[in-house]
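Peer 1: Curious how this folds, go ahead:
(one chain, ligands or ions: 2)
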Amino acid sequence: MLIVFLGPPGAGKGTQAERLAAELGIPHLSTGEMLRQEMQRKTELGERAAAYIHSGHLVPDDLMVDMVTQWLAGGMARNGAILDGFPRTVPQAESLEEALRERGQQVDCVIRLTADRDELRRRLLQRGRLDDNREAIEKRLEVYARQTRPLIDFYHDRGLLEQVDGMGTPEEVFERIQAAIRRRQAMQRP
Ligand code: ATP
Ligand code: MG
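Peer 2: Ligands and ions are numbered 1, 2, ... in the order given. I've put the predicted structure just below:
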């Protein structure tokens, strides 16, 4: 299964995607993690991405699409994968569709994780990563609403959306996600 995690910053995508990947035995691609590694290694991509990330903006689509299509070309996702943090814009989703089509694959399920705004702010401030300062957090929430939220309709229209309540303990949320995946699997092979 190729599964996309969608949701605002702080929704818990990273935590849950990692757990689900281990459970299903498929790789987990976090574009945020990958970018942070590039920044640490001071690669050209890392240097180009840093200013966007620290101010709460999105890294330009062409850079992200290159990064993810290269990862897909490595063959890691042959038997499924979890994409966490990508796509984040409609053009990214369209490019992903195209790249997967070329490989005879498609997105099978989109897990939309929700949480209320106060809880998102609380979690991000508590985490305290470099891009988790108050100003960048507000920017990221705003950027999510403007650029990423349209993906909810995009995937809803394709019949791929599973909505999961991201409030509660990580264990509670994970159980909801597993139930959503089971629903999908039952739909795929009736
Ligand atoms: P969560 O807390 O739910 O895991 P997050 O807010 O930590 O989400 P990351 O996915 O770790 O977000 O991404 C951190 C930053 O990396 C983003 O704010 C953005 O600048 C950049 N980034 C990551 N993925 C993308 C993408 N697909 N397109 C553009 N920029 C991206
Ligand atoms: Mg993350």
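Peer 1: Confirm for me that Leu113 is in contact with Val164.
Peer 2: Yes. Using CB atoms under 8 Å, Leu113 makes contact with Val164 at a distance of 5.5 Å. The way it works is simple: take the backbone N, C-alpha and C, and place the C-beta from them, glycine included.
Peer 1: Quickly list what's touching both of the two.
Peer 2: Jointly contacting Leu113 and Val164 under the rule CB atoms under 8 Å, 6 or more residues apart in numbering are Val173.
Peer 1: can you pull the contacts of the closest residue to ligand 2 within the chain?
Peer 2: Ligand 2 sits closest to Gly14 of the chain, with a gap of 3.6 Å, by CB to the ion. For Gly14, the contacting residues are 30, 32-33, 84-85, by CB under 8 Å, 6+ apart.
Peer 1: Let me know the helix or strand that it is in.
Peer 2: Secondary structure assignment for Gly14, by DSSP states H and E: helix 13-24.
Peer 1: ok, is that helix in contact with ligand 1 or not?
Peer 2: Yes. Applying CB under 6 Å from any ligand atom, one finds helix 13-24 touching ligand 1 at 13-14.
Peer 1: What about the nearest residue to Thr69 once chain neighbours are set aside, how many residues nearby?
Peer 2: The shortest distance from Thr69 to any non-neighbouring residue, by CB to CB, 6 or more residues apart in numbering, is to Ala99 (4.8 Å). By the measure other CB atoms under 10 Å, the count of residues near Ala99 is 15.
Peer 1: Just after the helix or strand harbouring Ala99, pick out the following helix or strand.
Peer 2: Using DSSP H and E, Ala99 sits in helix 90-102. Later in the chain than helix 90-102, the nearest helix or strand by DSSP H and E is strand 109-114.
Peer 1: For ligand 1, state which of the contacts of Gly14 is nearest.
Peer 2: Closest to ligand 1 out of the contacts of Gly14 is Gly32 (2.1 Å), distances taken as CB to the nearest ligand atom.
Peer 1: which residues are in contact with the one helix or strand the closest one maps to?
Peer 2: Per DSSP H and E, Gly32 falls inside helix 31-40. With contact meaning CB under 8 Å, 6+ apart, helix 31-40 is reached by 14, 45-47, 49-50, 53, 59, 64, 67-68, 71, 83-86, 88.
Peer 1: And whichever helix or strand comes after that helix, what's buried?
Peer 2: Later in the chain than helix 31-40, the nearest helix or strand by DSSP H and E is helix 44-55. Buried positions in helix 44-55, judged by neighbour count with 16 or more other CB atoms under 10 Å: 45-46, 49-50, 52-53.
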